[in-house]
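**Q** I would like to see how this sequence folds:
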Amino acid sequence: MAASGDYIAAIDQGTTSTRCMIFDRSGAEVGRHQLTHEQILPRAGWVEHNPVEIWERTAATVISVLTSTDLQPHDLVALGITNQRETTVVWNRRTGRPYYNAIVWQDTRTDRIASALDRDDRGQVIRRRAGLPPATYFSAGKVQWILENVDGVRADAERGDALFGTVDCWLLWNLTGGPRGGVHVTDVTNASRTMLMDLETLDWDDELLGFFGIPRAMLPRITASSAAEPHGLTLPDGPVGGQIPVTGILGDQQAAMVGQVCLRAGEAKNTYGTGNFLLLNTGEQIVRSENGLLTTVCYQFGDAAPVYALEGSIAVTGSAVQWLRDQLGIISGASQSEDLARQVPDNGGVYFVPAFSGLFAPYWRSDARGVIVGLSRFNTNAHLARATLEAICYQSRDVVDAMAADSGVHLEVLKVDGGITANALCMQIQADVLGVEVVKPVIAETTALGAAYAAGLAVGFWRDADDLRAQWREDTRWQPHWDDEQRAAGYAGWRKAVQRTLDWVDVS
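**A** Okay, the predicted model is just below:
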């Protein structure tokens, strides 16, 4: 089927599943395989994954997609990795065994750690150096929790035997040999999500490490997102086989920026997955938010200067639809949410704020919890389904408004991607709530595509950004239908509902 070296593979390791996709030079999908993994919920607010399961599922997806496409490892020019970002793994360098389950980005067990940092000057140091507020979302508090609560980790960390990494780092280490000399490396985008990296130097910061009591020996080396000198090579006798150069690593939302070709300052995208993640490219300028957004590294290609972004991270959007299915049982599948919501013309006065993990951007309130307000006997499950879709869109409106205040950029078009973009009603509501056009590309799986682009640019598979722009194709465009009065009234109701979520949990 294939001439040697005609393809790029991308591993997309997400919150609920892992997929491997293969792309050709036109950016078209050649094949994919996807596997889910277990969501471990030991107690309220705790969310974990099994790192060994994630690694095994990752290897299985690569093997399966190669088999289904009749390709061999040598047919792949390079491999890219993209990943759920802040999820934290700590493992033993010698055995390869994790000390504890991966603590997922949604997990809120570190709320007291975050609150303590925010009560003194350390919180401001973290904001200035790392571009992030002290929050349960990010990795450093999760590492601190493991060091303090899992027997033997602290001693092993001091000896250099305990390694920390986000999921990209865990996968790369295993792909390149694991205990047999695996490469312990992460890229600038993932490192920028830890509360431990200085945005200006792109290196770990000793003062920040001290805030969390994390030995520097635990940390991976930080590299560019796209590297002509490979991050590492897969092993011929490893589960994937071959010697495939891994030349691209990007956190999932930064990968979606690259996949949407938002490579110029002022370009933005919104990815709808387990959560929503809206990023605005700010070029080589570090824009420090005054309105509850994150300052993060967008990407770094080779030896070029890093490109930065403002990000609004929303914890619960697609997972709210899953909650309707799995916990409430009012729908049998995610696609049914659209059919149910279409049974009513509006929300019937019902607002649902799914603050299951507290509120992320722009509020950053770990004391918040989910609420459903405005109920009367008139309301039905259709109104709740509609309110769930609106919650996805109103949370994005909160972020868009904050982004405009920070950057002065007012969106005219919003590029969208991710699973929920298949829900046409939700995308129409998004256009109505924002009052701007919403545009989806032909390839909605832009996260995997962005990882492939980063890997391919490193080895000359694609020449430059113009090559990538030439491949972007519009699939669907939604025009706003609401008038200004309807838009303002709906948003006012949402803001009232958000206030009802606050001060629910004591995190002092």
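
**Q** in contact with the residue nearest to His49 when sequence neighbours are not counted, which residues?
**A** Leaving aside its sequence neighbours, His49 sits nearest to Ala102 (CB to CB, 6 or more residues apart in numbering; 4.4 Å). Where C-beta positions appear, they are placed from N, C-alpha and C, glycine not excepted. Counting by CB atoms under 8 Å, 6 or more residues apart in numbering, Ala102 makes contact with 48-51, 54, 87-89, 167, 170.

**Q** what's the answer for Ser139, then?
**A** Contact analysis of Ser139 by CB under 8 Å, 6+ apart lists 86-88, 164, 166, 193-196.

**Q** any regions of the stretch 351-500 of the chain where pLDDT drops low?
**A** Counting by pLDDT under 70, the stretch 351-500 of the chain contains no low-confidence range.

**Q** sketch out the helices for it, chain order is fine.
**A** Along the stretch 351-500 of the chain, the segments classed as helices by DSSP state H, counting those that start in this stretch run 381-407, 424-434, 446-458, 465-471, 484-499.

**Q** which helices and strands sit right next to the first one?
**A** Based on contacts counted as 3 or more CB pairs under 8 Å, 6 or more residues apart in numbering; DSSP states H and E, the elements that helix 381-407 packs against are strand 268-272, strand 276-283, strand 307-314, helix 318-323, helix 336-341, strand 351-353, helix 424-434, helix 484-499.

**Q** just give me the neighbour total for Asp303.
**A** 8 (other CB atoms under 10 Å).

**Q** ditto for Leu328
**A** Neighbours of Leu328 using other CB under 10 Å come to 10.

**Q** ok so, going back, just the buried residues from the contacts of Ala102, in PyMOL please.
**A** Buried residues within the contacts of Ala102, by 16 or more other CB atoms under 10 Å, are selected in PyMOL with:
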select buried, resi 48+49+51+54+87+88+89+167+170
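
**Q** surely Glu48 is in contact with Pro98?
**A** No - counting by CB atoms under 8 Å, no contact exists between Glu48 and Pro98, whose distance comes to 10.6 Å.

**Q** span of stretch 64-84 from start to end?
**A** Stretch 64-84 has an end-to-end distance of 22 Å (CA to CA, to the nearest Å).

**Q** beta partners of the closest residue to Val498 other than its chain neighbours?
**A** Closest residue to Val498 apart from its sequence neighbours, by CB to CB, 6+ apart: Val353 at 5.6 Å. Per DSSP bridges, the residues bridged to Val353 are Val371.

**Q** could you measure from Val353 over to Ser313?
**A** Here Val353 is placed at a distance of 16 Å from Ser313 (CB to CB, to the nearest Å).

**Q** where does Leu35 fall, phi/psi-wise?
**A** When read as degrees, to the nearest 10, the backbone of Leu35 gives phi -140, psi 140.

**Q** what sits against the closest residue to Arg477 other than its chain neighbours?
**A** In space, and not counting its chain neighbours, Arg477 is closest to Val439: 5.0 Å by CB to CB, 6+ apart. Residues near Val439 by CB under 8 Å, 6+ apart: 413-416, 474, 476-478.

**Q** and if we set it to 6 Å?
**A** The contact partners of Val439, taken as CB atoms under 6 Å, 6 or more residues apart in numbering, are 413, 415, 474, 477.

**Q** what does Phe277 give?
**A** Per CB under 6 Å, 6+ apart, neighbours of Phe277: 253, 271, 313.

**Q** which strand or helix spans the first one?
**A** Gln253 belongs to helix 252-259 when elements are defined using DSSP states H and E.
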